[in-house]
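> After the sequence you'll find the predicted model.
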Protein chains: 2
Amino acid sequence: MMQKQWVLASRPSGAPQVDNFRLIQTQMPTFRPGTALVKTLYLGVAPVMLRYMRNETVFERPMELGDVMAGRGVAQVLQSDCPELPVGAIIQARLGWQEYALIDNNQYPKPFILPHTDLPVSHGISTLALSGFTALVGLREIGKLKSTDAILVSGAGGGVGSQVAMVAKALGAQRVVGIAGGQDKCRALLSKMAYDAAIDYKNDCLEARLDELFPSGIDVFFDNVGGPLLDLVLARLRRRARIVICGGISEYLLEDGDRYQYKNLQNLGRQDAKMEAFFVYDYEPHFSGYGEELAAWIRAGIITPIEHISEGIETLPQALVDLYVGANFGVRMVRVGDAS
Amino acid sequence: MMQKQWVLASRPSGAPQVDNFRLIQTQMPTFRPGTALVKTLYLGVAPVMLRYMRNETVFERPMELGDVMAGRGVAQVLQSDCPELPVGAIIQARLGWQEYALIDNNQYPKPFILPHTDLPVSHGISTLALSGFTALVGLREIGKLKSTDAILVSGAGGGVGSQVAMVAKALGAQRVVGIAGGQDKCRALLSKMAYDAAIDYKNDCLEARLDELFPSGIDVFFDNVGGPLLDLVLARLRRRARIVICGGISEYLLEDGDRYQYKNLQNLGRQDAKMEAFFVYDYEPHFSGYGEELAAWIRAGIITPIEHISEGIETLPQALVDLYVGANFGVRMVRVGDAS
């Protein structure tokens, strides 16, 4: 039996391009003792994947040219010799960009079961998996969110950003402001993603809008962007502010010589503030609990995942490329197959 | 009865100068119900005081020209109508630069008693008060110190810095590297302050020494300096590194237009690291416990406070000025009077 698989054809010099990938037909993996054979249902894309392609991460196995592109997704177990991964179960795991995968329970990070059979399987890419967990960990564990905090989110229309205001509200926040590019996205921030105000970085004067919306400064900044915007926020921190570094998409594309130079970092010291990045897998022991909390908020209507789904494994490279030109909206994913 | 008092004569444009202060003779404060009259024994100086003089802090009452210079010290209670501050007690409090002060138990931060009558009173300026607490909070609460961490300290010969290696060792650290200016200071780091290696920023090539001493990068950076040095460290962070922002003396003297621009901040995100400043008074409920811990380590010989004491209230401005030209060594303080 043959399957389709996307392999890395070349390394991107700037943003990823569709032709950095090559679609191949390859033999389906053969089931072996100690493993589980799974069928891919959905695959997610995220900005961090550019760093896999460039071998820039310090936590992923290096990718060579010709390797199947790395990525997580939702799958159904077809055959299994792992007691933790029973046949028929819907799981979240490192699958790679392919229709079928052979996984085991020793791989890191471990696969986990999605027990929420009453909710759409696609939520296993959005709120009930890494991107939802990232919003929750960032706000609660890193951001130490308090209900009275003045909260700002960059990349607010993106995969994680589209969930941050809803998760913040679930945690008691009163008011969340989002930054996104374009009027359509900004309208959606207000109408679909629970933001209370939106800043359009393509059309608004950023500094004036920040001053208007945060006259007393910012308590929590959930940052997906980095660069000049982060610098403007550093100049507007309140005492004991917390900057949650979730991503820095503005920096991923810069060459070393072009790095943005931050002018306002010393305000961190002046305001007794903190700036913290995190590795969501460090919270793996809590994933099952996070899934339960988030599922309960979805059932209660507090969180409505915004999913941007394209059809067919063929669409994966374009889905990733879109992230870097701001063409995504909500959690971007690709439907690859159907559950039985 | 008259007393001596230092008042703010002018605001410094760059580093503080001796003539920013004026020594005056003024009436001793008159004891009133609800207060305690105390006699100053020691006063401490710290880099942050420049920010009081410039009204740049966000937490201190503004200082006007002619006001008594703000500062903390150790005093003995002479007369009291505060049950918490009994006559004869040795206390640590905001006294101002004067021989006698009228304090009460409602002022913020609250005065606290130094119960360690077996230890020198001067330790109430160094290890058993704010500078010792700052080392402990910075390493343990902010730095989340682990015994295997590769630890670097800047301003290592200074008031807080001179205690950081000893406190780190008390907390289980195996190896601490300090940065200071000049060969004499660097020798003292090794012989008196429990550092395992010293970098002389005036004579060594900083980058080469950092690469040599931290071939796998830095886990904890306890920073008193900021600026270009902090930027070099940002380029050398290990995964999950923690930068403890204790001070930024290199930045205090810069005009806004001259701010140092950081090139390597994005490594914080890449390494899932954090950078956190703190306000030691947020830990006030723990001060008494910290004092007990630190006193026990002094008695056990694990910590030996390095104190640089000058004699007489007349020497206060020079003691402060010295901090900004790197002429201090250990915890700088002035002996103002004797306990009865």
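Sure, I can see it. Only a predicted model underlies this, so the values are computations on that prediction, with no experimental measurement involved. Numbering: from 1, shown residues only, chains lettered A, B, ... in the order given.
> For chain A, which segments are assigned as helices?
All helices of chain A, identified by DSSP state H, fall at A:49-53, A:130-136, A:161-170, A:183-192, A:206-213, A:228-234, A:249-252, A:266-270, A:287-299, A:316-323.
> Which among those is found nearest to A:Arg240?
Nearest to A:Arg240, of all the helices of chain A, is helix A:266-270, at 10.9 Å by CB to CB. For the C-beta atoms, the positions are set from N, CA and C on the backbone; glycine is no exception.
> still on that earlier bit, least reliable of the helices of chain A going by mean pLDDT?
Mean pLDDT per stretch puts helix A:249-252 lowest among the helices of chain A, at a mean of 76.
> Can you spell out which helices and strands pack onto that one?
Packing partners of helix A:249-252 (3 or more CB pairs under 8 Å, 6 or more residues apart in numbering or on different chains; DSSP states H and E): none among the helices and strands.
> What is the distance between it and the centre of its chain?
Taking CA atoms, centre = their mean, to the nearest Å, one finds helix A:249-252 lying 14 Å from the centre of the chain it belongs to.
> just stretch A:311-322 next, same as before
Computed by CA atoms, centre = their mean, the chain-centroid distance of stretch A:311-322 equals 16 Å.
> Quick check: buried residues in it?
Buried residues in stretch A:311-322, defined by neighbour count with 16 or more other CB atoms under 10 Å in any protein chain shown: A:Ile313, A:Thr315, A:Leu316, A:Pro317, A:Ala319, A:Leu320, A:Val321, A:Asp322.
> ok so, going back, now the helices of chain A in a markdown table, with distance to A:Val220?
Converted to a markdown table, the helices of chain A look like this (distance: least, CB to CB, whole Å):
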| stretch | distance to A:Val220 |
| --- | --- |
| helix A:49-53 | 25 |
| helix A:130-136 | 12 |
| helix A:161-170 | 8 |
| helix A:183-192 | 17 |
| helix A:206-213 | 14 |
| helix A:228-234 | 10 |
| helix A:249-252 | 19 |
| helix A:266-270 | 14 |
| helix A:287-299 | 19 |
| helix A:316-323 | 24 |
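> And these: which comes nearest B:Arg209?
helix A:266-270 (24.3 Å).
> ok, the buried residues of stretch A:311-322 vs chain B, which is closest?
A:Leu320 (19.5 Å; CB to the nearest CB).
> which non-adjacent residue is nearest that closest one?
A:Val45 (4.4 Å; CB to CB, 6 or more residues apart in numbering or on different chains).
> and that neighbour, what does it touch?
A:Gly71, A:Leu316, A:Ala319, A:Leu320, A:Leu323, A:Arg332, A:Met333, A:Val334 (CB atoms under 8 Å, 6 or more residues apart in numbering or on different chains).
> swap in A:Tyr201?
Applying CB under 8 Å, 6+ apart, the residues near A:Tyr201 are A:Ile179, A:Ala180, A:Gly181, A:Leu229.
> what's near enough to touch the nearest residue to A:Ile245 once chain neighbours are set aside?
Leaving aside its chain neighbours, A:Ile245 sits nearest to A:Ala277 (3.8 Å; criterion: CB to CB, 6+ apart). Applying CB under 8 Å, 6+ apart to A:Ala277 gives the contacts A:Ile245, A:Cys246, B:Leu268, B:Gly269, B:Arg270, B:Gln271, B:Asp272, B:Ala273, B:Lys274.
> repeat that for 6 Å
Each residue near A:Ala277 by CB atoms under 6 Å, 6 or more residues apart in numbering or on different chains is listed here: A:Ile245, B:Leu268, B:Gly269, B:Asp272, B:Ala273.
> do you know how far the residue nearest to the fourth one when sequence neighbours are not counted is from A:Phe133?
Distances taken as CB to CB, 6+ apart put A:Phe279 closest to B:Asp272, at 4.2 Å, once the chain neighbours are dropped. When distance is defined by CB to CB, to the nearest Å, A:Phe279 is 12 Å away from A:Phe133.
> Show me which of these two is the more surrounded one.
For A:Phe279 versus A:Phe133, the count of surrounding residues by other CB atoms under 10 Å in any protein chain shown is larger for A:Phe133: 24 against 14.
> can you list the residues of chain A near chain B?
Where chain A comes near chain B, counting by CB under 6 Å from any CB of the partner chain, the residues are A:58, A:245, A:248, A:251, A:259, A:261-263, A:265-266, A:268-269, A:272-279.
> Quick one, which of these are buried?
Applying 16+ other CB under 10 Å to those, the neighbour count classes A:245, A:248, A:251, A:259, A:262-263, A:265-266, A:268-269, A:272-278 as buried.
> low-scoring stretches of chain A, by residue?
Applying pLDDT under 70 to chain A picks out residues A:58-60, A:255-257.
> who's in contact with A:Ile151?
Taking CB under 6 Å, 6+ apart as the criterion, A:Ile151 is in contact with A:Ala168, A:Ala173, A:Val176, A:Val220.
> how many other residues sit next to A:Ala208?
Going by other CB under 10 Å, the residues that sit close to A:Ala208 add up to 10.
> Let me fix that, I meant to ask about A:Glu292.
So A:Glu292, with other CB under 10 Å, has 13 neighbours.
> measure it to A:Pro115 for me?
The value you get for A:Glu292 to A:Pro115, if CB to CB is used, is 9 Å.
> Kindly report the same for A:Phe287.
A:Phe287 is 12 Å from A:Pro115, where distance means CB to CB.
> between those two, who's got more neighbours?
The neighbour count for A:Phe287 versus A:Pro115, taken as other CB under 10 Å, is higher for A:Phe287 (20 against 14).
> The more buried one: what's it in contact with?
Contacts of A:Phe287 (CB under 6 Å, 6+ apart): A:Phe112.
> Out of the buried residues of stretch A:311-322, the closest to A:Asp104 would be?
Out of the buried residues of stretch A:311-322, the member with the shortest distance to A:Asp104 (by CB to CB) is A:Ile313, at 22.8 Å.
> That closest one and A:Val336 touch, don't they?
Yes: counting by CB atoms under 6 Å, A:Ile313 touches A:Val336, with 4.8 Å between them.
> Excluding chain neighbours, give the residue nearest to A:Glu84 in space.
Using CB to CB, 6+ apart, the closest residue to A:Glu84 is A:Asn105 (4.8 Å).
> Quick one: neighbours of that neighbour, just the number.
Neighbour tally, A:Asn105, other CB under 10 Å: 17.
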